[in-house]
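Student: Quick one: sequence plus predicted model below, questions after.
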Amino acid sequence: MESRIRSIFLTMVRFSCCILMVISGTVAAQEADAPPQVIESQVERRDLNVGAIDTEDFELTGFVGLMSVEDFESSAVYGARLAYHISPAFFAEGSYGTTDVGSDAFERQTPGANTLSDRTLNYYDLSLGWNVLQGESFVGSTRAWNSVFYVIAGVGSTDFAGDDQFTANFGFGFKFLPTDSFSVRFDVRDYMFDLDVTGTDKTTHNMQMTLNLGWFF
């Protein structure tokens, strides 16, 4: 009788062990098939203060810089511009500028020589600009300003050495807006007109680089 009870007890123990092994294998299989836990990234987002372009279409600009008239030394140039923004991509602009040209090679080599009686150069033009690349420029880690790279070309007239000469200009520039009504831009242009002051009639290339401060209204 005692051996029979012992046999039943051992059988129950073996059966329990089998059940436990089956359960353990099932749990392990489920854990192996379970998708990996997704770790949610916690990115700290920055609040950027972005300057917007004012809804006004007109922009009045004053500028100052350097102009290199061919065959003469570079000198300071200043003037004003008035632009009408036709669309976000295009704008029309009228400019007026003036400079007193420096000495030429002959004057530098001959003390006391004076090639010109009037050294003032005045020009005006009407140009069309195209905002090629529009985006944002970052200043520090918390501020972004709207900015644009543009190309521009136009025609006008230059009054220099007693003559009015037809003038064509083309160039490029970079502009950004610290506020919604104030703009700052750097502009480079080549003004081309005929000149015969040195005794040879030729088409001259006269480079100009300016810093411009504008106001929308």
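Tutor: Now that the structure is in, tell me what you want to look at.

Student: Show residues contacting the lengthiest strand in the chain.
Tutor: Criterion DSSP state E: the longest strand present in the chain is strand 120-139. Contact partners of strand 120-139, identified using Cβ atoms under 8 Å, 6 or more residues apart in numbering, comprise 50, 67, 69, 83, 88-101, 144-160, 167, 169, 176, 191. (C-beta placed from N, C-alpha, C; glycine too.)

Student: Buried residues in it, which are they?
Tutor: Within strand 120-139, the residues that count as buried by 16 or more other Cβ atoms under 10 Å are L121, Y123, D125, S127, G129, N131.

Student: Can you pull the domain assignment for the chain?
Tutor: By the assignment in automatic domain parsing, the chain contains the domains 1-31, 50-216.

Student: Any stretches of the protein with poor pLDDT?
Tutor: In the predicted model of the chain, residues 1-55, 112, 198 satisfy pLDDT under 70.

Student: Show me where this structure has its strands.
Tutor: Assigned by DSSP E, the chain shows strands spanning 49-51, 58-68, 75-85, 90-100, 120-139, 143-160, 163-177, 182-195, 202-216.

Student: residues near M192, how many?
Tutor: 19 (other Cβ atoms under 10 Å).

Student: give me every residue that touches it.
Tutor: Applying Cβ under 8 Å, 6+ apart to M192 gives the contacts T167, A168, N169, T203, T204, H205, N206.

Student: which residues sit in contact with the closest residue to S137 other than its chain neighbours?
Tutor: The shortest distance from S137 to any non-neighbouring residue, by Cβ to Cβ, 6 or more residues apart in numbering, is to S147 (4.1 Å). By Cβ under 8 Å, 6+ apart, the contact list for S147 reads Q134, G135, E136, S137, F174, K175, F176, L177.

Student: Beta-bridge partners for S147, please?
Tutor: G135, F176 (DSSP bridges).

Student: From E93, how far off is it?
Tutor: 18 Å (Cβ to Cβ, to the nearest Å).

Student: G173 and R189: what is the separation?
Tutor: Distance, G173 to R189, using Cβ to Cβ: 8 Å.

Student: Looking at those two, which one has more neighbours?
Tutor: Neighbours were counted for G173 and for R189 using other Cβ under 10 Å; R189 has more, 24 against 18.

Student: Who does that one form a beta bridge with?
Tutor: Applying DSSP bridges to R189 yields these beta-bridge partners: G171, Q208.

Student: which ones are touching it?
Tutor: Contacts for R189 were tallied using Cβ under 8 Å, 6+ apart; they are I152, N169, F170, G171, M207, Q208.

Student: now with 7 Å?
Tutor: N169, F170, G171, Q208 (Cβ atoms under 7 Å, 6 or more residues apart in numbering).

Student: Can you report how many residues neighbour the residue nearest to E70 when sequence neighbours are not counted?
Tutor: In this structure, E70 finds its nearest non-sequential neighbour in T204, 3.8 Å apart by Cβ to Cβ, 6+ apart. Residues near T204, counting by other Cβ under 10 Å, number 20.

Student: Would you mind finding the most buried of the domains of the chain?
Tutor: Stretch with highest mean neighbour count among these: domain 50-216 (a mean of 16; mean count of other Cβ atoms under 10 Å).

Student: ok now do the residue nearest to S95 when sequence neighbours are not counted, which residues does it touch?
Tutor: Spatially, and ignoring its direct neighbours in sequence, S95 is nearest to R81 (4.6 Å; Cβ to Cβ, 6+ apart). Applying Cβ under 7 Å, 6+ apart, we find R81 in contact with T61, F63, E93, G94, S95, N212.
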